[in-house]
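> below is the sequence, then the predicted model.
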Amino acid sequence: MELWRIVAAVLLGAAGIVIVLLTMAKVRERRGSTGGTVAISGAVTFTVLAILCVLVLTVFAPWLVWTVVIGVCVVTSVMMLAS
């Protein structure tokens, strides 16, 4: 496995964990949300993150890998600034 794929997956995972936590916090802040709703949103976000990491490590083209990583990092930054 190429080193750049591993680096990209680590960057994606680090930014993705922050997105999972921010998503769960946003759902928790909504009026009328329950603990189950928060857990489901966290599980869905984590599952999408895990699938993206596997695809980055195995099949995505280099340009797509770095586009996904940059996109997730930008989304994380915007979510952190907005909260």
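Yep, it's here.

> what helices or strands is the strand or helix carrying residue 47 leaning on?
Using DSSP states H and E, residue 47 falls within helix 35-58. Applying 3 or more C-beta pairs under 8 Å, 6 or more residues apart in numbering; DSSP states H and E, one finds that helix 35-58 contacts helix 3-29, helix 62-82. Quick note: C-beta positions are derived from backbone N, CA and C, even for glycine.

> mind checking which of those is nearest residue 50?
For the helices and strands packed on helix 35-58, proximity to residue 50 was assessed by C-beta to C-beta; helix 3-29 is nearest, at 8.5 Å.

> could I get the average pLDDT for that closest one?
Averaged across helix 3-29, the pLDDT comes to 94.

> now do it against helix 35-58, angle only.
170 degrees (axes from the mean of the first three to the mean of the last three C-alpha atoms, to 10 degrees).

> buried residues in helix 3-29, which are they?
Within helix 3-29, the residues that count as buried by 16 or more other C-beta atoms under 10 Å are 8-9, 11-13, 15-16, 18-20, 22-24, 27.

> show me the contacts for the residue nearest to residue 49 when sequence neighbours are not counted.
Among residues not flanking residue 49 along the chain, residue 16 sits closest, at 3.8 Å (C-beta to C-beta, 6 or more residues apart in numbering). Taking C-beta atoms under 8 Å, 6 or more residues apart in numbering as the contact definition, residue 16 lies against 49, 52-53, 72, 76.

> and the residue most central in space within the chain, how far is that from residue 44?
Nearest residue to the geometric centre of the chain (C-alpha atoms, centre = their mean): residue 16, 2.7 Å. Using C-beta to C-beta, to the nearest Å, residue 16 is found at 13 Å from residue 44.

> equivalent analysis for residue 24, please.
Distance, residue 24 to residue 44, by C-beta to C-beta: 10 Å.
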